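Undergrad: would you be able to build a 3D model of this:
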Amino acid sequence: MTSTSLPAPKLIANPLVRRVVFIFGWFSFVMGVIGIFLPLLPTTPFILLAAACFARSSPRFYAWITSHHRYGPMIANYLAGKGLPLKAKLMAIGLLWISVSFTLFIVSLLWAKLAMLATALAVSAYILWRLPTLKTLDS
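TA: Purely as a prediction, here's the structure:
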């Protein structure tokens, strides 16, 4: 899937706001890349946020991020409302729980542990039951 199968997003009319959203998109993208290497920083939400920011601020970078050879199809399918492949959903949930489990041993505040557990449960429930599962040949 390439970015050409997605409808053209509507750009923000105000040039100043569009620049701010574009900068925020790059910040989000960089945070997502850092999240690849840091287990406690999530990658997927930042990359999806970057794609959403680029959709409203830069057709060029929106096309780039949604046509990336590895992650582009997943981003494009997610943004089109088609969901994620089952393998990606299970991997996201698995990595989420590995990160949360690791963090629970580091954090000593009970309220923080409870907040992390509640967030992980809510995100897992959303991914499993609310986010559509994309039908692919390998899922």
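
Undergrad: check what pLDDT Phe29 gets.
TA: If you check Phe29, the pLDDT there is 91.

Undergrad: same question for Phe105.
TA: Model confidence at Phe105, given as pLDDT, is 90.

Undergrad: in terms of pLDDT, where does Pro7 sit?
TA: With respect to pLDDT, Pro7 scores 65.

Undergrad: kindly report the same for Thr4.
TA: According to the prediction, Thr4 has pLDDT 44.

Undergrad: wait, doesn't Met116 sit right on Thr103?
TA: Yes - assessed by Cβ atoms under 8 Å, Met116 is found in contact with Thr103 at 6.1 Å. Quick note: C-beta positions are derived from backbone N, CA and C, even for glycine.

Undergrad: which positions within the helix or strand where Phe102 lies qualify as buried?
TA: Here Phe102, judged by DSSP states H and E, is contained in helix 86-106. Within helix 86-106, the residues that count as buried by 16 or more other Cβ atoms under 10 Å are Ala88, Lys89, Ala92, Ile93, Leu96, Ser99, Val100.

Undergrad: equivalent analysis for stretch 107-126, please.
TA: For stretch 107-126, burial by neighbour count (16+ other Cβ under 10 Å) applies to Lys113, Met116, Ala120, Val123, Ser124.

Undergrad: quick one, the helix or strand encompassing the first one and helix 86-106 angle?
TA: In the assignment (DSSP H and E), Lys113 maps to helix 110-125. Put simply, helix 110-125 runs at 170 degrees to helix 86-106, going by axes from the mean of the first three to the mean of the last three Cα atoms, to 10 degrees.

Undergrad: now for helix 110-125, which elements pack on it?
TA: For helix 110-125, the packing partners by 3 or more Cβ pairs under 8 Å, 6 or more residues apart in numbering; DSSP states H and E come out as helix 86-106.

Undergrad: could I have the helix it packs on exported to PDB, CA atoms only?
TA: Below are the C-alpha coordinates for helix 86-106, written out as PDB (Å, rounded to 0.1, in the frame of the first residue of the first chain):
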ATOM      1  CA  LEU A  86      -2.700  -9.300  14.100                       C
ATOM      2  CA  LYS A  87       1.000  -9.900  14.300                       C
ATOM      3  CA  ALA A  88       1.600  -6.200  14.800                       C
ATOM      4  CA  LYS A  89      -1.100  -5.900  17.400                       C
ATOM      5  CA  LEU A  90       0.300  -8.900  19.400                       C
ATOM      6  CA  MET A  91       3.800  -7.500  19.100                       C
ATOM      7  CA  ALA A  92       2.700  -4.100  20.400                       C
ATOM      8  CA  ILE A  93       0.900  -5.600  23.300                       C
ATOM      9  CA  GLY A  94       3.800  -7.900  24.100                       C
ATOM     10  CA  LEU A  95       6.300  -5.100  24.100                       C
ATOM     11  CA  LEU A  96       4.000  -2.900  26.100                       C
ATOM     12  CA  TRP A  97       3.700  -5.500  28.900                       C
ATOM     13  CA  ILE A  98       7.500  -6.200  28.800                       C
ATOM     14  CA  SER A  99       8.100  -2.500  29.300                       C
ATOM     15  CA  VAL A 100       5.500  -2.000  32.000                       C
ATOM     16  CA  SER A 101       6.700  -5.100  33.800                       C
ATOM     17  CA  PHE A 102      10.300  -3.900  33.800                       C
ATOM     18  CA  THR A 103       9.200  -0.400  34.900                       C
ATOM     19  CA  LEU A 104       7.200  -1.800  37.800                       C
ATOM     20  CA  PHE A 105      10.400  -3.100  39.400                       C
ATOM     21  CA  ILE A 106      12.100   0.300  39.100                       C
END
